[in-house]
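Peer 1: just coords:
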Ligand code: NAD
């Protein structure tokens, strides 16, 4: 039993996730700084709140889905933030699903664990926080088939699981606070590199006279096979139903990939980890954005490498 759920951040992803919670029968209240985003929910009879603090005071569980680390800091620790009502909180569970750096996730989680639960006789009991970023994108948010990567106390993960599974198809426990965020940015770093590797190799193949469709068949039964080659191929016409086959529309925007690579590079720097590829691939994806393709799917990096026509 989750009681009242407060959802903060009703953008492309959050609006669909909150909708799935409403459709699953949960009692949900919402907040966004964008009044138009809130109005869509108000029109359906979903209560709206003016500030994150108002959400916290009315909710047993708070979920947030915000653009980046600074927004998450503002929503939790700002002057009208979730944690601004004093050390005693009503929500026993806070779940941040935004893609942010693990350091920010850990900082907010530590602040939450210094609080106590309102109206709980056991004053040692603290509210619990999870970082639970997602993979799957807008279509999966809409269909309720997201995958959550979850960091925080295992007890909180187990308690949150049914809620996560009404917005997604799976949830993976990654360990202590910040590890969900770490998993997400590491996944996207590997993805950015593999997409670029597949694109460069398929472009070279075409320049050497082998069709991308033929080379893809080879990759997919050889050691180069990966998600970028067999599920999300970057060359137009090789696969149906992927962004490359619809002029790179409707996928994972290049500018979001640049944002995630920035998080990976900044986190690597902070812990002194070598990150030569993060630096190099960020340059390539940033170039695409500068050339006006920031809203195109990141697989359009192929076009940056190959301007010929596959016959
Ligand atoms: P979005 O920009 O569409 O939505 C963010 C929402 O947060 C907006 O409605 C905005 O008004 C609201 N907001 C911003 N600051 C706020 C504040 N201080 N208080 C209240 N509301 C505030 O972003 P999105 O596409 O929904 O992505 C959300 C997160 O999910 C990002 O971290 C993104 O990297 C991640 N993500 C996105 C995708 C995708 O395909 N879009 C996929 C996986 C993960």
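Peer 2: Thanks, I have the structure now. Every value quoted in this text rests on a predicted model; they were computed, and no experiment measured them.
Peer 1: What residues does the protein have near the ligand?
Peer 2: 8-14, 31-34, 37, 65-68, 71, 74-75, 98-99, 134, 137-138, 252, 256 (Cβ under 6 Å from any ligand atom). Just so you know, the C-beta spots here come from the backbone N, C-alpha and C atoms, and that holds for glycine as well.
Peer 1: go with 5 Å
Peer 2: Counting by Cβ under 5 Å from any ligand atom, the residues of the chain close to the ligand are 9, 11-13, 32-34, 37, 66-67, 71, 74, 98-99, 137.
Peer 1: Show me the shaky parts of the stretch 1-150 of the chain.
Peer 2: Filtered on pLDDT under 70, the stretch 1-150 of the chain yields the residue ranges 121-123.
Peer 1: ok, which stretches of it are helices?
Peer 2: Assigned by DSSP state H, counting those that start in this stretch, the stretch 1-150 of the chain shows helices spanning 14-23, 35-42, 52-58, 69-77, 102-113, 137-143.
Peer 1: So which bits of the fourth one are buried?
Peer 2: For helix 69-77, the buried set under the neighbour-count rule, 16 or more other Cβ atoms under 10 Å, comprises 69, 71, 72, 73, 75, 76.
Peer 1: Could you point out which of those residues is nearest to residue 193?
Peer 2: Nearest to residue 193 among the buried residues of helix 69-77 is residue 69, at 22.5 Å by Cβ to Cβ.
Peer 1: Narrow the residues of the chain next to the ligand to just the buried residues.
Peer 2: Listed as buried from the residues of the chain next to the ligand are 9, 11, 13, 32, 33, 37, 66, 71, 98, 99, 137; burial here means 16+ other Cβ under 10 Å.
Peer 1: Do a quick rundown of the strands in the stretch 151-300 of the chain.
Peer 2: 168-175 (DSSP state E, counting those that start in this stretch).
Peer 1: ok, the closest residue to the ligand within the stretch 101-250 of the chain - contacts?
Peer 2: Proximity of the stretch 101-250 of the chain to the ligand (Cβ to the nearest ligand atom) peaks at residue 137, 3.7 Å away. Residues near residue 137 by Cβ atoms under 8 Å, 6 or more residues apart in numbering: 251, 252.
Peer 1: Kindly recompute the last result at 7 Å.
Peer 2: residue 252 (Cβ atoms under 7 Å, 6 or more residues apart in numbering).
Peer 1: neighbouring contacts of stretch 37-49?
Peer 2: Looking at what lies outside stretch 37-49 - Cβ under 7 Å, 6+ apart - the contacts are 6, 10, 11, 15, 22, 28, 29, 30, 31, 32, 55, 58.
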